[in-house]
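**Student:** Structure, please.
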Amino acid sequence: MKSRQRVLRKCIFPILLVAGTAGIHNTDAIAAEHGNGVYLMGSKGPMAGVVPGPGLYFQNDLYYYRASAGASAPLPMGGKIGVGIKARALIDVPTLIWSTPHEVLNGQLAFALSQPLGRESIDADVVIGSRSGDLRGSITTAGDPLASAMLGWTSGSFHWNTTAMVNIPVGNYRKGSMANLSFNHWAVDLSAAGTWFDPSKGWEVSGVAGVTLNGRNSATNYRSGRELHLEAAVSKYISPRFSLGVMGYHYQQISDDRGSGATLGGFRGRTSAFGPTASYTFMVDKKPVSVRLKVLREFNVKNRLKGTAGFLTVSFPLG
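**Tutor:** Numbers count the residues shown, from 1 in each chain. The predicted structure follows:
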C-alpha cells in the first residue's frame with residue numbers, strides 16, 4: 001500500500017502543478033465590459049488548493065471558446081453595443097512558474113507569469129455606436145500579461161492556498177474594435193482554494209472562491225464592477241496515472257459597472273457551467289508530463305455570452 005501511494009504521489013505531482021497555477025491567465029471569454037472578466041472561469045478546478053514544491057515549471061494552456069448571445073442580450077464591446085453576437089476564441093497561454101524554497105507565514109511561496117497569445121473573432125447582427133463600422137471583428141495578437149503570487153499550506157490530506165493575480169494592461173488593445181484580447185485596464189484578482197486528496201483512496205475534492213477588482217478602461221471610460229467567482233471539482237484516480245471527474249463554476253457580478261462608457265447601466269451578469277474533466281501523466285526523459293482536458297457547458301446566463309469552453313493543459317518541471 002505504501003509503495004502504491006508513493007507511485008501515485010509521483011505521477012500526480014505535475015497534475016497538482018496544473019491545478020495550483022491554472023487560474024493565472026486571462027482571455028476574452030465573454031457583465032462587465034465585453035461581458036467577461038480577467039479571471040478565466042474554469043481555469044482551476046481539480047487540485048486547485050495545491051502549490052507545487054520548490055522548483056521551476058512550465059505550463060501551457062490551450063483554450064477554445066465558442067458562444068453566442070441572442071437579439072435580446074446586447075453586450076458592450078470596445079465602446080460599442082453589439083446585438084446578436086457570435087464569438088470564437090482560440091488562445092494559447094504559456095506560463096512560467098517558480099515555486100521558491102522560501103516560506104511566508106509557514107506557507108510555500110510561489111510566483112507565476114503568463115502571456116496569452118491567440119485569435120478572437122466577433123460577429124454581430126447589429127452594432128450600435130457613434131463609430132460603428134463592420135459587423136465583424138477579429139484579431140490575432142498578444143493579450144495582457146498576468147503576474148501572480150501564491151502561498152500554499154499542507155496538513156495531512158488537506159491543501160489550501162491564497163493567490164493574488166494582477167492584470168498588466170500592456171497588450172495590444174484596439175480602440176473601437178469589438179475583438180480584443182487585451183482588457184486595457186489594471187485588475188487584481190484575490191482568491192482562496194482548498195483541496196482534500198487521499199492517495200490511498202484516490203479521491204480528490206477541490207473548491208475555489210475569489211473576487212476581481214477592476215480598474216478603468218481609459219479608451220472607453222468604462223469601469224467594470226466587482227466580480228465573484230466560484231469553482232468546484234470532484235475526481236477519482238482510476239490508476240496512479242489516470243483520473244476522471246466532474247467540475248463546475250459560477251460567476252456573479254456583485255457591483256455595478258460605472259463610467260460614461262457604461263451606456264447599458266449597471267449591467268450585472270452571471271453564468272454557471274458544468275462538465276467533465278480527465279487527466280493523464282506519462283514520463284518523458286525521466287520527467288513527469290501531465291495532460292488535463294476540461295469541457296464546460298454554460299447555463300443560467302445573464303448579460304454574458306453563452307457557450308462551451310474547452311481546456312487542454314500540459315505541464316512539466318524544468319528542473
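**Student:** rest of the way, CA atoms for contacts and neighbours
**Tutor:** Noted.
**Student:** Need the per-residue pLDDT for the residue nearest to L113 when sequence neighbours are not counted.
**Tutor:** Leaving aside its sequence neighbours, L113 sits nearest to A147 (C-alpha to C-alpha, 6 or more residues apart in numbering; 4.6 Å). With respect to pLDDT, A147 has a value of 98.
**Student:** same for whichever strand or helix holds A147, what does it pack against?
**Tutor:** With elements delineated by DSSP states H and E, A147 resides in strand 146-155, which encompasses its position. Helices and strands touching strand 146-155, as assessed by 3 or more C-alpha pairs under 8 Å, 6 or more residues apart in numbering; DSSP states H and E, comprise strand 107-114, strand 158-167.
**Student:** Could you check the angle it makes with strand 107-114?
**Tutor:** Strand 146-155 and strand 107-114 are oriented at 150 degrees to each other (axes from the mean of the first three to the mean of the last three C-alpha atoms, to 10 degrees).
**Student:** Direction included, what does strand 146-155 pair against?
**Tutor:** Paired with strand 146-155 in the same sheet, following DSSP bridges, are strand 107-114 (antiparallel), strand 158-167 (antiparallel).
**Student:** Below-threshold pLDDT in the stretch 101-250 of the chain: ranges please.
**Tutor:** 126-135 (pLDDT under 70).
**Student:** just so I have it, where are all the helices in it?
**Tutor:** In the stretch 101-250 of the chain, no helices are defined using DSSP state H, counting those that start in this stretch.
**Student:** Tally up the residues packed near D198, please.
**Tutor:** A total of 15 residues lie near D198 under the criterion other C-alpha atoms under 10 Å.
**Student:** just checking, it touches S155?
**Tutor:** No. Counting by C-alpha atoms under 8 Å, D198 stays clear of S155, with 11.7 Å between them.
**Student:** ok, now which ones touch the residue nearest to L113?
**Tutor:** 24, 111-114, 165-168 (C-alpha atoms under 8 Å, 6 or more residues apart in numbering).
**Student:** Serialize the residues you listed to a markdown table and add fields for distance to N60.
**Tutor:** Formatted as a markdown table, the contacts of A147 follow (distance: C-alpha to C-alpha, whole Å):
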| residue | distance to N60 |
| --- | --- |
| I24 | 11 |
| F111 | 16 |
| A112 | 12 |
| L113 | 12 |
| S114 | 9 |
| M165 | 18 |
| V166 | 19 |
| N167 | 18 |
| I168 | 19 |
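**Student:** For ChimeraX, write the select line for the buried members of those residues.
**Tutor:** A single ChimeraX command suffices to select whichever of these are buried according to 16 or more other C-alpha atoms under 10 Å:
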select :24,111,112,113,114,165,166,167,168
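**Student:** Show me the two of the contacts of A147 that sit farthest apart.
**Tutor:** When those are compared pair by pair using C-alpha to C-alpha, the farthest-apart members prove to be F111 and I168, with a separation of 15.1 Å.
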